[in-house]
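Undergrad: model this:
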Amino acid sequence: MSDRRKFLQQGFFAGSALLASGKIPFTPKVKKNDPVVISTWDFGIEANAEAWKLLSNGRRAVDAVEAGVKITEADPGNSSVGFGGMPDRDGKVTLDACIMDEYYNCGAVMFLEDILHPISVARLVMEKTPHVMLAGKGALQFALENGFSKTKLLTPESEKAWKEWLKTSKYEPVINIENLSNDKKQPPMPGGPDNHDTIGMIALDSNGNLGGACTTSGMAFKLHGRIGDSPIIGAGLYVDNEIGAVTATGVGEEVVRIVGAHLVTELMRQGYSPKEACRQAVNRIIKRNPEKAKTIQVGFIALDKEGNYGAYALQKGFTYAVKTRNIEKLFTSESVY
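TA: Model prediction:
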């Protein structure tokens, strides 16, 4: 066999192996140096629009994601983020949020009460303290000392749902699982059936830098003091300006167990596309607990340094919003089940 034929065959088999592994070259979804912002769920459309106002004017990705998720935090019709969020089983609305910029700076707050925009408090933690995380009364004290004012976050609609829940006090953290039988679905909550538990937003700005934010009021009727993945850097959010940015949504305990956002980032570092990296992380959750994985929802979205993006989820029904110069669209993620 000639050397040329051997070379071509070797190239063919190497390419086949890359295709099978998901580590394949891919064409950027946006032009070089064009901004892009991606966020979780249907309400990401409105949040992206706000973020785009900054991205289109040359602002940093971290500025854009903060502005974007604040729209969702202030929406009383959203029962899973900020104002109007579902309370814990003691009737308290407690908030978690984190933010990360292109320089690996990060800040987070958790178990924070009475503050409308926890994402902005998280940013101040990042910029004004030597710490990464503040919690509970300490986070509230820090917020008040830095000009934030208290806001009652429990709306009449959320309070009514909580009081109805108290009649049975049955805790079933099942989210957006359309393929379960009706008797296993959660009862309707304020905001409609497409209202979920987190907004995570990641963005690439015109300077080629990344940023991300994640904010939530957590699982409805959780134990007082419960913290999920959303405010944990590396679990609910991670930004590596050399590689990409990732955020998660769904049952946070399972995301924490695999350090999900960091895992997806490292898979992209190894050469996986954003979508395939998300799929690999979802499969890791299934491997850890196959039976439980069939009854919960977890989804990831990822954005790489070149503007490629992708998502994957455990269950069908996970949506994510994308905004670029030429695209403003809601996508439905592929899923395992």
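Undergrad: Just list whatever residues bridge to the residue most central in space within the chain.
TA: Closest residue to the average C-alpha location of the chain: Gly200 at 3.0 Å, with C-alpha atoms, centre = their mean. Beta-bridge pairing for Gly200 (DSSP bridges): Cys214.
Undergrad: what about the chain, any weak spots by pLDDT?
TA: Where the chain drops to pLDDT under 70, the residues are 1-32, 172-196.
Undergrad: hmm, try it at 50
TA: 1-22, 24-28, 177-195 (pLDDT under 50).
Undergrad: Where do the helices of it begin and end?
TA: Under the criterion DSSP state H, the chain contains helices at 3-21, 44-55, 61-73, 118-128, 136-145, 156-165, 252-258, 260-269, 274-288, 290-293.
Undergrad: Among those, pick out the one with the most neighbours on average.
TA: Burial of the helices of the chain is given as mean neighbour count (mean count of other C-beta atoms under 10 Å); helix 61-73 ranks first at a mean of 27. C-betas here are computed from N, CA, C, even on glycine.
Undergrad: Show me what that helix is packed up against.
TA: When contacts are defined as 3 or more C-beta pairs under 8 Å, 6 or more residues apart in numbering; DSSP states H and E, helix 61-73 packs onto strand 36-40, helix 44-55, strand 95-100, helix 118-128, strand 199-204, strand 210-216.
Undergrad: How far off centre is the last one?
TA: If you compare the mean C-alpha spot of strand 210-216 with that of the full chain, they lie 7 Å apart, counting by C-alpha atoms, centre = their mean, to the nearest Å.
Undergrad: check contacts around Ile119.
TA: Counting by C-beta atoms under 8 Å, 6 or more residues apart in numbering, Ile119 makes contact with 66, 69-70, 73, 97, 99, 213, 215.
Undergrad: quick one: it and Ser217, what's the gap?
TA: 12 Å (C-beta to C-beta, to the nearest Å).
Undergrad: re the thing from before, next, give me the two most distant ones among the contacts of Ile119.
TA: Using C-beta to C-beta, these reach their maximum pairwise distance at Glu73 and Ile99, which is 12.3 Å.
Undergrad: Could you check how many residues crowd around the closest residue to Val298 other than its chain neighbours?
TA: Spatial nearest neighbour of Val298, excluding adjacent residues (C-beta to C-beta, 6 or more residues apart in numbering): Gly250 at 3.6 Å. Number of residues near Gly250 (other C-beta atoms under 10 Å) recorded here: 30.
Undergrad: coming back round to it: need the helices of the chain in a markdown table with distance to Gly84, can you?
TA: Compiled in a markdown table, the helices of the chain are given as follows (distance: least, C-beta to C-beta, whole Å):
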| stretch | distance to Gly84 |
| --- | --- |
| helix 3-21 | 44 |
| helix 44-55 | 15 |
| helix 61-73 | 10 |
| helix 118-128 | 14 |
| helix 136-145 | 19 |
| helix 156-165 | 6 |
| helix 252-258 | 20 |
| helix 260-269 | 26 |
| helix 274-288 | 29 |
| helix 290-293 | 29 |
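Undergrad: Indicate which one of those helices is closest to Val246.
TA: helix 260-269 (4.2 Å).
Undergrad: before we move on, back to that, need the helices and strands packed on helix 61-73 in TSV (columns: distance to Leu166).
TA: Below are those laid out as TSV (distance: least, C-beta to C-beta, whole Å):
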stretch	distance to Leu166
strand 36-40	29
helix 44-55	32
strand 95-100	21
helix 118-128	26
strand 199-204	27
strand 210-216	22
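Undergrad: Quick one: closest of the ones you listed to Asn326.
TA: Comparison of the helices and strands packed on helix 61-73 against Asn326 by C-beta to C-beta identifies strand 36-40 as nearest, at 10.2 Å.
Undergrad: quick one, that closest one and helix 61-73 angle?
TA: Relative orientation of strand 36-40 versus helix 61-73 (axes from the mean of the first three to the mean of the last three C-alpha atoms, to 10 degrees): 30 degrees.
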